[in-house]
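Enquirer: Please work out how this folds:
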Amino acid sequence: MLTADLAAAIGSAHVLTGPDMTRYSRDWMGRYEGQPVAVARPGSTAEVAACVRIAAQHGLPVIPISGNTGLVGGTMTRGGLMLSLERLNRVREVKRDAKLVIAEAGVILTRLHDAAEAQGLYFPLWFGARGSAMLGGVLSTNAGGSNVLRYGSTRGLCLGLEVVLADGRILNLMSELHKDNSGYDLKSLFIGAEGTLGIITAAVMKLVPAPKAHATATLAARSLPDALAVLNRMQEATGNRVEAFEFMPRTFSERLRGARPDLGLPFDHIPEVTILIEAATTVPSEATPDANGDIPLVATLELILTQMMEAGLVTDAILARNEQQRRAMWARREAAAEIGVGLHPEVDTDVCLPLDRVETFLTRAIQRLEALDPGARTITVAHLGDGNLHFTAYPTRDDKQLKDQVLEAIEDVVADMGGSFSAEHGVGLSKLPSMSRRKDPVALDVMRTLKQALDPQNIMNPGKVIPA
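Expert: As a prediction, this is how the structure comes out:
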């Protein structure tokens, strides 16, 4: 019996069935509700391997779950064994001189931030769900967030992995090296694979020196090209120290005002283009207040904004003069997930465009939407510095055919402009049709070959990422 075998391997207290599975089987957005046969909660890599072997013996799919903050149905199952990694929650070691942390897949991101901070370092993966998202999940979806502009996505921050394969073997790729040309880059196969090739149980992640000062501002610009001029000017002036450059158009601000009035808005009016810019420095001379009490990095940003306002590119700007004001600016941006809740029907996309084509994409996508469904609305928020847009359309009626047409129209514009239909949330179930339509057929064939080679029984999170 499955539950008896699992109980013998990991303890009966960590094998859940019936109502105890409720919080695991439903995603946090309420879009997907599965029916697992059981939830196993192993406490070590060896126990993960044992659970995988038991599932294989019973012919059951294995669906890994971390913080369950995903948006694309990556943990959905009907009849599979859900494998929660929440007990693999140790920060094994922080190596200050090597600037890295070794941690297990169930470690919540804020714990990594705290562990790094205790050593005077910083883990630069930062997004709204950091208080619940776990390391295994962000690796499995190659999460991005607000600091990709400076530090790269999760893949770029990872040096090594520990992975349990479909046959229960443990693949040790826990390298602490920054360079290793000894064969295929196996580590990268598992990052972004959403558990379809193996289960990530631990990782070696890069850390960076903790910033000594931030320069943060909210500004209103005439247009996106004008906003990008601000970004480029600030990068030149600071040696590429800009960490975040977030775009909030009028539609976002209007919805924010209604959904979260407690957060307020930065300006008396709502501009067409609102930007949150943040730079950070570890250089003492840029972070130490001068005789007037001004922080040089903040003064640099203020000077650039003043110049841009004189040139007419920026129409308004507010600088954060203290940490409280900085947090208030970020709270508005990080409310993005909340402000869309309750608006239906929706067509949610997560696209990436070349930086100089973002404005054209928005113009063309909205035109296509209006032609298909006059009266439909959109809400957009973007990591503008890396071209990643969370572009959500709200059709006037809950009609599957209409929603499919809207999605394909958006994809058409993205493809025409050399973009990607999936930027940082993963594929899961919800983007499988897009994979079928838009992914290079040869690439799909290679992915299927890899899947078959590593998981011949097709038990590792089947039906996700790769279209049938």
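
Enquirer: Show me which positions of stretch 343-354 end up buried.
Expert: Buried residues in stretch 343-354, counting neighbours by 16 or more other C-beta atoms under 10 Å, are found at 345, 346, 347, 348, 349, 350, 351, 352, 353. C-beta coordinates here come from the backbone N, C-alpha and C atoms, glycine included.

Enquirer: now it: mean pLDDT?
Expert: Confidence over stretch 343-354 (mean pLDDT, whole number) is 92.

Enquirer: chain center to that stretch: distance?
Expert: Put simply, stretch 343-354 sits 14 Å off its chain's centre (C-alpha atoms, centre = their mean, to the nearest Å).

Enquirer: who touches it?
Expert: Contacts of stretch 343-354 from elsewhere in the structure, counted by C-beta atoms under 8 Å, 6 or more residues apart in numbering, are 71, 255, 340, 361, 379, 386-395, 397-399, 403, 406-407, 410, 414, 417-425, 430.

Enquirer: Using PDB, write out the CA atom coordinates for that stretch.
Expert: In PDB, the C-alpha atoms belonging to stretch 343-354 read as follows (Å, rounded to 0.1, in the frame of the first residue of the first chain):
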ATOM      1  CA  LEU A 343     -11.100  41.100 -11.600                       C
ATOM      2  CA  HIS A 344     -12.600  38.600 -14.000                       C
ATOM      3  CA  PRO A 345     -12.500  37.300 -16.600                       C
ATOM      4  CA  GLU A 346      -8.800  37.700 -17.200                       C
ATOM      5  CA  VAL A 347      -6.100  36.800 -19.700                       C
ATOM      6  CA  ASP A 348      -2.800  36.900 -17.800                       C
ATOM      7  CA  THR A 349       0.500  37.100 -19.800                       C
ATOM      8  CA  ASP A 350       4.100  37.300 -18.700                       C
ATOM      9  CA  VAL A 351       6.100  38.400 -21.800                       C
ATOM     10  CA  CYS A 352       9.500  39.800 -22.500                       C
ATOM     11  CA  LEU A 353      10.400  42.300 -25.300                       C
ATOM     12  CA  PRO A 354      13.600  44.100 -26.400                       C
END
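
Enquirer: Which strand residues bridge residue 206?
Expert: The partner list for residue 206 in beta bridges (DSSP bridges) reads residue 100.

Enquirer: Parallel or antiparallel, list what pairs with the helix or strand containing residue 247.
Expert: In the assignment (DSSP states H and E), residue 247 maps to strand 242-249. On the basis of DSSP bridges, the sheet neighbours of strand 242-249 come out as strand 273-281 (antiparallel), strand 377-383 (antiparallel).

Enquirer: Count the neighbours of the closest residue in space to residue 16 that isn't next to it in sequence for me.
Expert: Nearest in space to residue 16, with sequence neighbours left out and distances taken as C-beta to C-beta, 6 or more residues apart in numbering, is residue 39 at 4.1 Å. Close neighbours of residue 39, defined as other C-beta atoms under 10 Å, add up to 22.

Enquirer: pretty sure residue 39 contacts residue 85?
Expert: No: with contacts defined as C-beta atoms under 8 Å, residue 39 does not count as touching residue 85, sitting 11.3 Å away.

Enquirer: Only the buried residues of the one helix or strand residue 251 maps to, if you could.
Expert: Assigning secondary structure by DSSP H and E places residue 251 in helix 250-259. Within helix 250-259, the residues that qualify as buried are 251, 252, 253, 255, 256, 259, counting by 16+ other C-beta under 10 Å.

Enquirer: Where do the strands of the stretch 1-150 of the chain begin and end?
Expert: For the stretch 1-150 of the chain, the strands identified by DSSP state E, counting those that start in this stretch occupy 15-16, 38-40, 62-65, 81-84, 91-95, 100-104, 121-122, in order along the chain.

Enquirer: which residues are in contact with stretch 449-466?
Expert: Contacting residues not belonging to stretch 449-466 are listed as 52, 55-56, 59-64, 73-74, 80, 165-166, 189, 193-199, 426-429, 432, 435, 444, 447-448 [C-beta under 8 Å, 6+ apart].
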